[in-house]
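**Q** Attaching a predicted model along with its sequence, questions to come.
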Amino acid sequence: MFPTRLAIALAAAFPLSVLADEPAPVRSLGIVTVTGGRPTSLPTQIPTTMEGVTREQIERTVNATDSEDALKYFPSLLVRKRYIGDYNHAILSSRASGTGNSARSAVYADGILLSNYLGNGVGGLSFPPRWGLVTPEEIERVDVMYGPFSAAYPGNSVGAVVEYVTRMPTRFEVHAQAGFTTQPFELYNTSATYRAWQSSASAGNKSGDWAWWFNASHTDSHGQPLTFATRLVSSGTPGAAGTAVTGAVLDRNNANAPIYVLGTGTEYHTSQDHLKAKLAYDISPTVRVAYTLGVWQNSSEGRSVSYLRDAAGQPVYSGPVNIGGRSFAAVNGADFALTNESLTHYMHGLSIKSNAKGNFDWEVAASLYDYGKDEKRQNGGSNTLPAAAQGGSGTLADGSGTGWNTLALRGTWRPAGVAGAHIVDFGFQQEGYQLRYLTSNIAGNWIGDPAGSVASDVGGKTRLQSFYAQDAWAFAPKWKTVLGGRAESWTATQGFTRIAGAPAIDTSWPQRRESYFSPKAALSYQWAADTVLKASAGRAVRMPTVAELYGATSTTNSQFINDPNLRPEKSWTAELSAEKDLGNALARLTFFTEDTRDALYSQATLDAVANRNVTRVQNVGRIGTRGLEIAYNGNDVLAKGLDLGGSATYAQSLVKENAGFVVVPGDTIGKQQPNIPKWRATALASYRWDARWTTSLGARYSGRQYRTLDNSDVNGFTYQGVSKYFTVDLRVRWQIDRSMSAAFGIDNLNNYKYWNFHPYPQRSYSAELKYDL
């Protein structure tokens, strides 16, 4: 991302903070030092590749409708965002972690965990980070740490750590913003325009020892269809049986077999509200206590549309159908599902932190994330449209009571009188996760009736307790090392899986307890006045999540199969970097490797007979990744006012060992890891025409990907496929006066139609108006 004047030798990756009381991260000998009294998950010494972006840069260069959009042009990162307000599939991907592996990255906001380690990826339930608890207007800075090289983080950091620093004012301020986005969308027989409206208001002040901040926002978003009802052409039976229909679209599925597309599903209309209140008090000049309350509410409807028409021109939603003289299995409520969701989640964060910058500093921090209300209603398979829109049988899935809590005790010791400069970070951390997910049948009216008989009831708890320490030691004039380790104790308790049916499943799983130690090391050398060489290595152990262990679910159109005996995923990761200061720019070249054993993978396949997606979680023996990443960021390049940045990443990520298989033994060996492209790249150019006008042009590219372990999904440009893509984004910003600004943007300017299981948005136009006092 672009540096703010680069601070000469300090690094383009770390723009200067505008907070008078919050210094920006500083780089010395390849090691990043974090100071300041604000809550954060970052340790004081960070021995790995980092990138960053500030609020001002986001405003100039990114059409940011959600907080994850701030990551759009970071090297090797991708968030699988499908529409504005995407709350259940927007998963972060990094160098060697795909968009199906949400538990292989860590996202924090002011030190509060937003990553959802109740599960991994999607399948039955979904577990993306809780992006909705941060709005773009709140963001002051975003820092990204690549790899598990700091002892201060659990094994989930193996991919990347994202830390959002949100606004905390130093004076009285008021902000308001309104935005609108429109997306003309054409695919198969769908031709429509989908729109989103957003508004927000915030205010804050600092007076004496007290500081406060309040933010409220509302989003009303109608996204494009995400799923499609299909039938294999080969499954049709020649003859006249079934209702003769027109409107089916001939296509090919991800295995390149001919299919008929019958209609659309999962067309979300979501209404979301976000409230955030932050309060800070300086107990003394060096000790601050801070509290954060976040509330996120979402009411969402998922709807379906049939392409099929009978002889009278009426839509067909049920019964056997006949297409071109071939009869196909009955269309039902699984093909054209309806969902209503009502969610209210709460986030609390409390910290007490010293910032004396003397021999010793300390912090105590705790957080709680609570699914206060989490209900999803859906029509039953036999309850079909149009009648299903008024009621009938269905299910109610209730996740209320689910959530997680964290506790961290941190210390920083800067010993005096020791030969060589030492800075020691150490601490204790505890994370607890609880899953409660009850699915009940509704015989009468799925839209409003209370829960009936139990369809499935799953739950359990996990807890991770960790001690860590790391020492940053400048042992020679041009040398610096960071040595550390992390000792972890993991328990899984109170697991149960109950599923009604024949045969019924009613199992209480035995308790598990395991312990691991993960060493970390980094070494940097000032090779020349403008060049630093750095090597980092570390082990990461990613524990199984509650949902992977116990969370079997079964609905009309999806099924998830758990495994209580999953082994933890163990990775050794290393990188070797060269960073060169070019005066007004910074260039970096990084070679990275990762060797992962017992990789935890959830794999979804379509059961054509049952007409639903079935997801199984499993350990994959060994996955090896080797890659190269190059990044460049510069200010006033070639001409004053022109900022340029970009990155390119090559990764060869292959399955090396696997006792399991998809069709025949050995069919996954040597295959590309799912959702990891060999090539990806970003480019971003921003030009400051004068003090009022800026224009930016960004581009993103990803090469071919696969979704299946055996790489049998050879057609990426279809439903359930993963395609390559190349998109271009435009943003123009006008600072009208000191307080008012306006912006216009186009995302996917070239209207590239690409897929990641679901279709991504097509060309989208956005406009926003902002007031800052």
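**A** In hand now; what should we look at?
**Q** show me where pLDDT drops low in the chain?
**A** By pLDDT under 70, the weakly predicted segments of the chain are 1-47, 123-124, 417-420, 553-560, 603-615.
**Q** Give me the longest strand you can find in it.
**A** Looking across the chain with DSSP state E, the single longest strand is strand 258-284.
**Q** What are the buried residues along that strand?
**A** Applying a neighbour-count criterion of 16 or more other CB atoms under 10 Å, one finds 259-274, 276, 278, 280, 282 buried in strand 258-284. Every C-beta, even on glycine, is put in place using the N, C-alpha and C of the backbone.
**Q** same deal with stretch 619-628?
**A** For stretch 619-628, the neighbour count (16+ other CB under 10 Å) marks 619-625, 627 as buried.
**Q** For those residues, work out which two are farthest apart.
**A** Pairwise distances across the buried residues of stretch 619-628 (CB to CB) peak at 23.2 Å, for the pair 619 and 627.
**Q** from what I can see residue 703 touches residue 724, true?
**A** Yes. Counting by CB atoms under 8 Å, residue 703 does reach residue 724; the two are 5.2 Å apart.
**Q** if I look at these two, which residues touch both of them?
**A** residue 677 (CB atoms under 8 Å, 6 or more residues apart in numbering).
**Q** The strand or helix carrying residue 766: partners in the sheet, and parallel or antiparallel?
**A** Residue 766 is part of strand 764-772, with elements assigned from DSSP states H and E. If you go by DSSP bridges, strand 764-772 pairs up with strand 173-187 (antiparallel), strand 740-747 (antiparallel).
**Q** Run through who's touching the next helix or strand after the shortest one.
**A** Read it as strand 740-747. Moving toward the C-terminus from strand 740-747, the next helix or strand (DSSP H and E) is strand 755-756. Contacts to strand 755-756, defined as CB under 8 Å, 6+ apart, come from residues 80, 99, 675, 705, 716-719, 721-723.
**Q** Same check on stretch 226-241?
**A** Residues outside stretch 226-241 that contact it (CB under 8 Å, 6+ apart) are 82-83, 188, 248, 250-251, 253, 257-268, 304, 306, 320, 322-323, 325-329, 331, 335-336, 608, 719, 758-759.
**Q** got the end-to-end distance for that stretch?
**A** 30 Å (CA to CA, to the nearest Å).
**Q** now stretch 381-395
**A** Stretch 381-395 has an end-to-end distance of 10 Å (criterion: CA to CA).
**Q** so how far is it from its chain's centroid?
**A** 33 Å (CA atoms, centre = their mean, to the nearest Å).
**Q** Number the residues from 48 up from this point.
**A** Done: numbering now begins at 48, and the last item shifts to stretch 428-442.
**Q** buried set for that stretch?
**A** Those would be 428, 430-432, 435, 438-442, for stretch 428-442 by 16+ other CB under 10 Å.
**Q** In those residues, find the pair that's most separated.
**A** 432 and 442 (16.4 Å).
**Q** Let me know the closest of the contacts of strand 802-803 to residue 648.
**A** Proximity of these to residue 648, judged by CB to CB, is greatest for residue 722, which lies at 10.3 Å.
**Q** Leaving out chain neighbours, which residue sits closest to that closest one?
**A** Counting by CB to CB, 6 or more residues apart in numbering, residue 722 lies nearest to residue 145, which is 2.6 Å off, once chain neighbours are set aside.
**Q** Isn't that neighbour up against residue 721?
**A** Yes. Using CB under 8 Å, residue 145 makes contact with residue 721 at a distance of 5.5 Å.
**Q** Between those two, which contacts overlap?
**A** Common neighbours of residue 145 and residue 721 (criterion: CB under 8 Å, 6+ apart): residue 752.
**Q** if I look at residue 271, how far off is residue 596?
**A** From residue 271 across to residue 596, the span is 35 Å (CB to CB, to the nearest Å).
**Q** for residue 309, what are its contacts?
**A** By CB under 8 Å, 6+ apart, the contact set of residue 309 is 275-278, 295, 353-355, 368, 378, 382.
**Q** What of residue 611?
**A** Residue 611 makes contact with 542, 544, 556, 596-597, according to CB under 8 Å, 6+ apart.
**Q** Name the nearest of those relative to residue 176.
**A** Closest to residue 176, out of all of the contacts of residue 611 and judged by CB to CB, is residue 596, at 20.6 Å.
**Q** Excluding covalently adjacent residues, which one is nearest to the closest one?
**A** Leaving aside its sequence neighbours, residue 596 sits nearest to residue 611 (CB to CB, 6+ apart; 5.0 Å).
**Q** Please enumerate the strands of the stretch 148-297 of the chain.
**A** Under the criterion DSSP state E, counting those that start in this stretch, the stretch 148-297 of the chain contains strands at 153-156, 159-160, 169-170, 172-173, 186-193, 207-213, 220-234, 237-254, 257-269, 274-279, 284-285, 290-291, 296-299.
**Q** of all those, which lies closest to residue 483?
**A** Closest among the strands of the stretch 148-297 of the chain, once you apply CB to CB, is strand 172-173, at 11.5 Å.
**Q** tally of neighbours for the nearest residue in space to residue 735 that is not next to it in sequence?
**A** Spatial nearest neighbour of residue 735, chain neighbours left out: residue 688 (4.0 Å); criterion: CB to CB, 6+ apart. Other residues lying near residue 688 total 13 when counted by other CB atoms under 10 Å.
**Q** ok so, going back, by neighbours, which of the contacts of strand 802-803 wins?
**A** Ranking those using other CB under 10 Å puts residue 769 first, with 28 neighbours.
**Q** Quickly note the distance from the nearest residue to it once chain neighbours are set aside to residue 710.
**A** Leaving aside its chain neighbours, residue 769 sits nearest to residue 752 (4.2 Å; criterion: CB to CB, 6+ apart). Separation of residue 752 from residue 710 (CB to CB): 20 Å.
**Q** what's the answer for residue 559, then?
**A** Distance from residue 559 to residue 710, counting by CB to CB: 32 Å.
**Q** If you count surrounding residues, which of the two has more?
**A** Ranked by neighbour count (other CB under 10 Å), residue 559 and residue 710 place residue 559 first, with 17 against 8.
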